[in-house]
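>>> Quick one, structure for this:
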Amino acid sequence: MHHGCAAIAGSQRGAQTPARCDSEDLVVRFAVIGAGALGTLYAAHLARADHEVQLFARGARAKRIRSHGIRVCGRADFTADVTVVTDPAAVEPVDALILAVKTYDTADALQPLANLAVGCAFSVQNGVGKNLALLGHWGHAHVAGAISMVGGEVTTANDAPDGPLDVRYDMAAPTLLGALESDGPDLPPIVDALRDANLAAEVRADIVSVEWSKFVGWSGVSALAALTRLPTATFLSAPETALIAARVMRETAAVAGALGIDLDPTGMARAEVLQGTEAEAVDALLDQGRRMRANAPLFRQSILQDADRGRPLEVNETLGHTQSEGARLGVATPALDFCCSVLRVVSAAHAASG
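Have a look, this model is predicted:
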C-alpha cells in the first residue's frame, strides 16, 4: 500500500509539471490513452497496485469500465476499478503517459493532449515510428522509447450483458523503457511502479536497438497472423508459414542494417533466424512455436484481433514503413511487398464497410 505521496504538484492543466518524491512508496500518476487489450491490462494492474490511473476510453467500453471495472484472467486473475476519462480536456497532469491506441489513431488521440504536463510519455504501440508523434508534443526530455512484451485480448463482446470488461492476459513478458537522448526522462520510478503492479519492467540503454529487434519479429508474426487468421503458436508450428514469417523478418532486419541499427540477437531476432540458412530460420521459428504452444497457445497478434473484428489494419504505419524505407535504401523486400499488398486490400475493405 502506498503512502499518498502526491506525484503531481497541483492539477492545473498545462501549468504544472510532475513533482518528484524520494519516498519508496511513491504513488505514480499514470494516464493510459487507449482501452484496448494493452491499455486495459496496464490500467488494471496499476490501479490494483494503488497507483493513480486515468484511462482514456470512449463509448460503450468507457461506460462498462466505469460501471463495472476490468476483469483480468489468464496470467493473473483479478478485477480492478479504474478511473475512466472520456474528455481529453479532463486528463490531469501525470508522471507517466502510456500511449496504447492503434497507430493510425495516434494524431487524433494526442492532439487534445498537446498542453498536458507529462513527466514521461512512452508508447506501447506497434512499429518503430511511434516515438515521433510523442517527441513532437513533449520533446526528448519527456519521451522514452519503449517496447511492451505484454499480450492479451479483450474478450467481452460489445453487446454482452452488463459486467466488467473481460481481458485475457496471455503474455506476462517485460516492458522495456529507455531514453532516446542523454537528456531523457527519469525512468527508474516508472519502472518501479510497473514492477510494483506485478508488471515486469526494466530500463535499457540500447532502446532503439531493442525497439527494432522486437519489430523484426513482430513484422513476421503479425503479417502471417493477419494472412492466416490463426493464433501465433499455430502458424509458427507449420514449416510453410514459418518460412514466410522468417523471410519477412530477414527483410526487415536487412532494412534495419541499412539504417545502421544493430539488432539485439535474442528472441525472434536471434542469429539463427536472421543470419542462418532459411532451413535454420524455419527450425528456430518452429522451436518458438513449440514454446508458445506450451506457454501461450491462445495468443493472437493484435492485428489478427482487428482483422477478425473487421477493423482497419495497422499496415502503412508498421509493415508499410519498412517497405518504404527498403525502397528508399535499395533493399529488396519481396515477401514483405506481397504481405503489404494483400493486407492493404483487406484493411481498405474493412474501412469501407465500417
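>>> any idea what sits nearest the spatially most central residue of the chain, other than its immediate chain neighbours?
With distances taken as Cα atoms, centre = their mean, residue 124 lies nearest the centre of the chain, 3.0 Å away. Spatial nearest neighbour of residue 124, excluding adjacent residues (Cβ to Cβ, 6 or more residues apart in numbering): residue 148 at 3.8 Å. Yep, even glycine has a C-beta here, placed from its N, CA and C like the rest.
>>> Tell me, how many residues neighbour the one you found?
24 (other Cβ atoms under 10 Å).
>>> partner residues bridging it?
On the basis of DSSP bridges, residue 148 is bridged to residue 175.
>>> still on that earlier bit, touching, the residue nearest to the centre of the chain and residue 100? I think so.
Yes: counting by Cβ atoms under 8 Å, residue 124 touches residue 100, with 5.3 Å between them.
>>> got any residues that touch both of the two?
38, 42 (Cβ atoms under 8 Å, 6 or more residues apart in numbering).
>>> For residue 172, see how far away residue 217 is.
18 Å (Cβ to Cβ, to the nearest Å).
>>> Please read the previous query as pertaining to residue 349.
Relative to residue 172, and taking Cβ to Cβ, residue 349 is found at 35 Å.
>>> With residue 147 instead?
15 Å.
>>> Also residue 40?
Distance from residue 40 to residue 172, by Cβ to Cβ: 15 Å.
>>> Those two: who's more crowded?
For residue 40 versus residue 172, neighbours defined as other Cβ under 10 Å are more numerous around residue 40 (28 against 19).
>>> unless I'm mixing things up, the more buried one is touching residue 70, no?
Yes: with contact defined as Cβ under 8 Å, residue 40 and residue 70 form a contacting pair (5.1 Å).
>>> any residues in contact with both of these two?
82, 165, 167.
>>> Out of these, which is nearest to residue 189?
When these are ranked by distance to residue 189 (Cβ to Cβ), residue 82 comes first, at 20.8 Å.
>>> gap between that closest one and residue 110?
Relative to residue 110, and taking Cβ to Cβ, residue 82 is found at 21 Å.
>>> Can you spell out which residues form a bridge with residue 144?
residue 179.
>>> does it really touch residue 187, like I thought?
Yes: here residue 144 reaches residue 187: they are 6.0 Å apart, a contact under Cβ under 8 Å.
>>> any common contacting residues for the two?
In contact with both residue 144 and residue 187: 120, 177-179, using Cβ under 8 Å, 6+ apart.
>>> What about residue 311, how many residues nearby?
Neighbour tally, residue 311, other Cβ under 10 Å: 16.
>>> ugh, wrong one, residue 224
Counted with other Cβ under 10 Å, residue 224 comes out at 28.
>>> Which helix or which strand is home to it?
helix 207-228 (DSSP states H and E).
>>> Point out where the protein drops to low pLDDT.
Along the chain, segments meeting pLDDT under 70 span 1-25.
>>> make it 80
1-26, 158-159, 354 (pLDDT under 80).
>>> where along it do the helices fall?
37-48, 59-68, 106-110, 130-138, 188-196, 207-228, 232-235, 239-258, 271-274, 278-295, 302-308, 320-329, 334-353 (DSSP state H).
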